[in-house]
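Enquirer: below: sequence and its predicted model.
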Amino acid sequence: MSLFDSAYLCTWLYWNKDEREDTIVAAMIFDMRTFHIFCLCALFSCVGVSVGAPKIHEVAPDGSWTWFNDERAVWSQGKLYAGYVRSDGHICVTRYDSDKRHAAETVLSTWKEQDDHNNPGIFVRPDGRLLIAYATHGTSQMWNFRISKTTDPQSLNDWGEEQSVAPPDGKRFSSGWTYCNPLPGPDGKIFLFGRGIGWNPTYLVSDDQGESWSPPVHLIRHPNRPYAKYAARGNGRIDIAYTEGHPHRVTNSIYHIYLEDGKWRGSDGTVLAGEPPFVPQQGSVVYRYGRTPGTGPAWIWDINYDVEERPVIVHSVRHAKDPDDLRYYYATWDAEAKRWDSREIARAGVRLYESEWDYVGGIALDSNDNRQVFISTAVDPRSGWDTPHREIYRGHLDDSGKWQWTAITENSPADNLRPYVPEKHGHKLCVLWFQGRYTSYTDIRCRVLMALE
């Protein structure tokens, strides 16, 4: 019996629990060597890791997230703090001690809504205390936050009261508030980005470490709802990559702008004309819709920085305008040519579920090395073969310009989705994702996992 056959049998056992007893009896006819292999594969098949793969930690038994709230997880005081939405709709954070493999979950929200858009964004203040912000999927005018009382919060007693931030002067957002992205801004300020005014990218500013917030500022204006990703390193600069709208409704391109010295600028440093809100086309084009004949709309996934602090962007593109042919792209800024170079690096596979043509497993940049990405896909990038479930792969761009791929998970019992790499994680490898059943953004049964070296 080969290792592959053993793995196949173990996966079958995992999903056919009622028939395990008879099958295990039959397995006893194997010789002792084969039985040892069987037991080893049974251990690995529960998560889906391959022999020689990094250690997999279960951070939370129940949790998921969208990719439009960050930071989804941070390292602080040597512990991981990971935020997520539980399947019952509560917003939670887990403090995870990777040395002891000990997890302590705290329920943050006083309300619940079964929707993965509601996961929190986490910010480590200069004093070491944590600010966590979260919101509903547009069903409330308010967003919420808590600030930890200590630098090592382990239970709800270590967190301040849940605070609410509503539109000023009795005004209303047309479709409520969605997403929370707290980031370091210039002069020690905190910027919080989300979807607010006109269902568009909007931000608020705090100059007292999150204790109070300015009125909201409308940043990008479009009749649809632009999707945006944000990045900052605490040096006064904030970068934003965004679309015109949802790719199911708009022929999306990808654009980039950044804030520096109090001015919003294009990728080449040119100051944008006027004041916010800006129209999408005022930004620098990262990827233009229809750049290649037959390609469809793009969707933004991540933005971070290379070793020279230049922005790097990853996004998806629907190919042949086909919801079952989606690809991942990697974009870098060419300062000499003053243009973005966005190129395909891997197949994302088919859509995640029927009604969302552009939902894929996800792609994330490694904040420690942005020549490294993590993808979720049902197409093995090493062979081009389809896999039964979406797996996590690490891609590294070598000096020859080619991507080299290794598997983080293999032969998984369920899909592995939406990888995320915490900022300044300080490890050789650190990537989180969730694994399980995902049938829509409101119907999810997954657990949060982490590969760590």
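Expert: Nice, I can see it.
Enquirer: domains in this protein, by residue range?
Expert: Domains of the chain are assigned by automatic domain parsing as 1-46, 47-452.
Enquirer: tell me the most buried of these?
Expert: Comparing the domains of the chain by mean neighbour count (mean count of other CB atoms under 10 Å), domain 47-452 comes out on top with a mean of 19. All C-beta spots, glycine's among them, are computed from the backbone N, C-alpha and C.
Enquirer: just how off-centre is that domain within its chain?
Expert: Taking CA atoms, centre = their mean, to the nearest Å, the mean C-alpha location of domain 47-452 is offset from the chain mean by 4 Å.
Enquirer: so which strand or helix has residue 312?
Expert: strand 311-318 (DSSP states H and E).
Enquirer: which strands and helices lie in contact with that strand?
Expert: Packing partners of strand 311-318 (3 or more CB pairs under 8 Å, 6 or more residues apart in numbering; DSSP states H and E): strand 238-242, strand 254-260, strand 284-287, strand 298-305, strand 326-334, strand 339-349, strand 362-365.
Enquirer: direction included, what does that strand pair up with?
Expert: Strand pairing for strand 311-318, using DSSP bridges, gives strand 298-305 (antiparallel), strand 326-334 (antiparallel).
Enquirer: nearest residue to residue 91 in space, please, no chain neighbours.
Expert: What sits nearest to residue 91 in space, not counting adjacent residues and going by CB to CB, 6 or more residues apart in numbering, is residue 109, at 3.8 Å.
Enquirer: circling back to that earlier point, now the domains of the chain in TSV, with mean pLDDT?
Expert: As requested, the domains of the chain are exported to TSV (pLDDT from 0 to 100):
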stretch	mean pLDDT
domain 1-46	41
domain 47-452	95
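Enquirer: send me stretch 340-350 as CSV with only the CA atoms.
Expert: Coordinates of the C-alpha atoms in stretch 340-350 are reproduced here as CSV (Å, rounded to 0.1, in the frame of the first residue of the first chain):
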residue,chain,number,x,y,z
TRP,A,340,2.9,49.5,-12.8
ASP,A,341,3.8,46.0,-14.1
SER,A,342,1.1,43.5,-13.3
ARG,A,343,1.6,39.9,-14.4
GLU,A,344,-0.2,36.6,-13.9
ILE,A,345,1.5,34.3,-11.5
ALA,A,346,-1.0,31.4,-10.8
ARG,A,347,-4.5,30.1,-11.5
ALA,A,348,-7.1,30.7,-8.8
GLY,A,349,-9.5,28.1,-10.1
VAL,A,350,-13.3,28.3,-10.2
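Enquirer: SS state for the spatially most central residue of the chain?
Expert: In the chain, the centroid-proximal residue (CA atoms, centre = their mean) is residue 67; its distance is 3.7 Å. Put simply, residue 67 is coil when judged by DSSP: H, G, I helix; E, B strand; the rest coil.
Enquirer: for it, give its distance to residue 300.
Expert: Distance, residue 67 to residue 300, by CB to CB, to the nearest Å: 9 Å.
Enquirer: which residues do those two both contact?
Expert: residue 229 (CB atoms under 8 Å, 6 or more residues apart in numbering).
Enquirer: now do the strands in the stretch 101-250 of the chain.
Expert: For the stretch 101-250 of the chain, the strands defined by DSSP state E, counting those that start in this stretch cover 102-107, 121-124, 130-135, 143-147, 163-165, 178-184, 190-195, 201-206, 217-218, 228-232, 238-242.
Enquirer: in its sheet, what does the second one sit against?
Expert: What it means is strand 121-124. Strand 121-124 is paired, per DSSP bridges, with strand 130-135 (antiparallel).
Enquirer: which residues sit against the partner strand?
Expert: 69, 74, 76, 81, 83, 91, 93, 108-109, 118-125, 142-148, 151, 153, 177-180, 182, 190, 192, 194, 209-210.
Enquirer: what's the answer for stretch 81-93, then?
Expert: Under CB under 8 Å, 6+ apart, the answer for stretch 81-93 is 59-60, 62-65, 69, 72-75, 94-96, 105-109, 112-116, 118-122, 130, 132, 134, 432, 434, 444-446, 448, 450.
Enquirer: what does stretch 394-403 give?
Expert: Against stretch 394-403 from outside (CB under 8 Å, 6+ apart): 330, 345-346, 369, 371-375, 381, 404-408, 429, 431.
Enquirer: now do 6 Å
Expert: Residues from elsewhere that reach stretch 394-403, judged by CB atoms under 6 Å, 6 or more residues apart in numbering: 345, 371-374, 404-406, 408.
Enquirer: show me these that map onto strands.
Expert: Using DSSP state E, 345, 372-374, 404-406 are the members of the contacts of stretch 394-403 that sit in strands.
Enquirer: switch the strands paired with strand 311-318 over to JSON lines; also include distance to residue 199.
Expert: Formatted as JSON lines, the strands paired with strand 311-318 follow (distance: least, CB to CB, whole Å):
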{"stretch": "strand 298-305", "distance to residue 199": "16"}
{"stretch": "strand 326-334", "distance to residue 199": "25"}
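Enquirer: now for the ones you listed, which one comes closest to residue 267?
Expert: Counting by CB to CB, residue 267 lies closest to strand 326-334 out of these; the figure is 5.7 Å.
Enquirer: and the angle for the closest one with strand 254-260?
Expert: With axes from the mean of the first three to the mean of the last three CA atoms, to 10 degrees defining the directions, strand 326-334 sits at 40 degrees from strand 254-260.
Enquirer: tell me the angle strand 326-334 makes with strand 339-349.
Expert: Using the same axes, to 10 degrees: strand 326-334 against strand 339-349 is 160 degrees.
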